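Trainee: model this:
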Amino acid sequence: MPRYEYRCRTCGDTFELNRPMAESSAPASCPSGHDDTVKLLSTVAVGGTASAPAPSPRAGGGGGGGCCGGGCCG
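Mentor: From the prediction side, this is the model:
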C-alpha cells in the first residue's frame, strides 16, 4: 500500500499515512486532530547500487569508434 506524506498547516507537523491509491486525494487529519492539511510531493528513493561492466578492449587497438561502425577493419 502506498505511503503518502502530509503537512499540517495549523501546527506545522509532517506525518505519513498508508492508504490505497484511490484514497490518495481524500482529506487527512493530522495526529493532533487538525483538519487543515496538505499532501506533500514526495520523491521515491531506491537503495542499492548498479554498475556497468567495464568496456572490453578491442582487438587491433580499434579503441572508441572509427571505421566499420566502431569495429576494427584491420
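Trainee: from here on, just use CA atoms for contacts and neighbour counts.
Mentor: Noted.
Trainee: in contact with the nearest residue to residue 21 once chain neighbours are set aside, which residues?
Mentor: What sits nearest to residue 21 in space, not counting adjacent residues and going by C-alpha to C-alpha, 6 or more residues apart in numbering, is residue 2, at 6.7 Å. Counting by C-alpha atoms under 8 Å, 6 or more residues apart in numbering, residue 2 makes contact with 18, 19, 20, 21.
Trainee: which one of those residues is nearest residue 48?
Mentor: Here the nearest of the contacts of residue 2 to residue 48, counting by C-alpha to C-alpha, is residue 18; it sits at 23.8 Å.
Trainee: now for the closest one, how many residues are close by?
Mentor: Burial measure for residue 18: 12 neighbouring residues, criterion other C-alpha atoms under 10 Å.
Trainee: from residue 32, how far out is the closest residue to it other than its chain neighbours?
Mentor: With sequence-adjacent residues excluded and distances taken as C-alpha to C-alpha, 6+ apart, residue 18 is closest to residue 3, at 4.3 Å. For residue 3, the distance to residue 32 under the criterion C-alpha to C-alpha, to the nearest Å works out to 19 Å.
Trainee: hmm, back to that, okay, the contacts of residue 2 in CSV with pLDDT next?
Mentor: Written out in CSV, the entries for those read as follows (pLDDT from 0 to 100):
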residue, pLDDT
18, 94
19, 93
20, 94
21, 91
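Trainee: adding distance to residue 47, write those out as TSV.
Mentor: Formatted as TSV, the contacts of residue 2 follow (distance: C-alpha to C-alpha, whole Å):
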residue	distance to residue 47
18	20
19	23
20	24
21	23
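Trainee: is it true that the residue nearest to residue 18 touches residue 17?
Mentor: Yes: using C-alpha atoms under 8 Å, residue 3 is in contact with residue 17, at 5.5 Å.
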